[in-house]
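Enquirer: here are the coordinates; sequence isn't available:
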């Protein structure tokens with residue numbers, strides 16, 4: 001298994017990796033990882049995966065996973081924006097886009113918007 005070259009990393013992971021490298025270059029032996037770096041790593045891991053980020057940044061996988069779980073559990077509870085235009089109109093086709101704060105998206109295309117229970121669909125997606 002070959003190591004990934006830094007040029008192959010997504011920009012967000014590369015940015016976090018360079019922040020960690022900068023911090024490591026100037027830290028003393030017993031310094032803990034600053035909260036700002038943990039937050040940056042957790043944010044990148046929500047989009048690109050805990051394994052990819054922990055490996056690129058060289059931090060403990062389980063510690064990063066716990067931080068991602070802690071931040072994502074609160075993020076899905078209160079969505080920032082939900083748009084449901086023409087969803088209740090009977091017999092009219094519609095497209096509904098749902099997006100979580102972590103960037104996960106779902107698009108639903110239906111011919112009859114009245115045939116779908118939109119509140120259950122929204123709850124199922126946001127609860128996932």
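Expert: Nice, thanks for sending it over. If you're wondering where the values come from, they're calculated on a predicted model, not measured in any experiment.
Enquirer: Tell me which other helices or strands the helix or strand hosting residue 22 touches.
Expert: Assigned by DSSP states H and E, residue 22 belongs to helix 11-26. Packing contacts for helix 11-26, counted by 3 or more Cβ pairs under 8 Å, 6 or more residues apart in numbering; DSSP states H and E, involve helix 35-48, helix 50-57. From N, CA and C alone the C-beta is placed, and that goes for glycine too.
Enquirer: what angle separates it from helix 35-48?
Expert: Using axes from the mean of the first three to the mean of the last three Cα atoms, to 10 degrees, the direction of helix 11-26 lies 150 degrees away from that of helix 35-48.
Enquirer: List the contacts of helix 11-26.
Expert: Residues lying outside helix 11-26 but in contact with it, judged by Cβ atoms under 8 Å, 6 or more residues apart in numbering, are 6, 9, 33-34, 37, 40-41, 43-44, 47-48, 52-53, 56-59.
Enquirer: pLDDT on that helix, on average?
Expert: Summarised as a single mean, pLDDT over helix 11-26 is 93.
Enquirer: ok, now stretch 55-67?
Expert: This predicted structure assigns stretch 55-67 an average pLDDT of 93.
Enquirer: what about it, how long is it end to end?
Expert: Across its full length, stretch 55-67 reaches 16 Å end to end, with Cα to Cα, to the nearest Å as the criterion.
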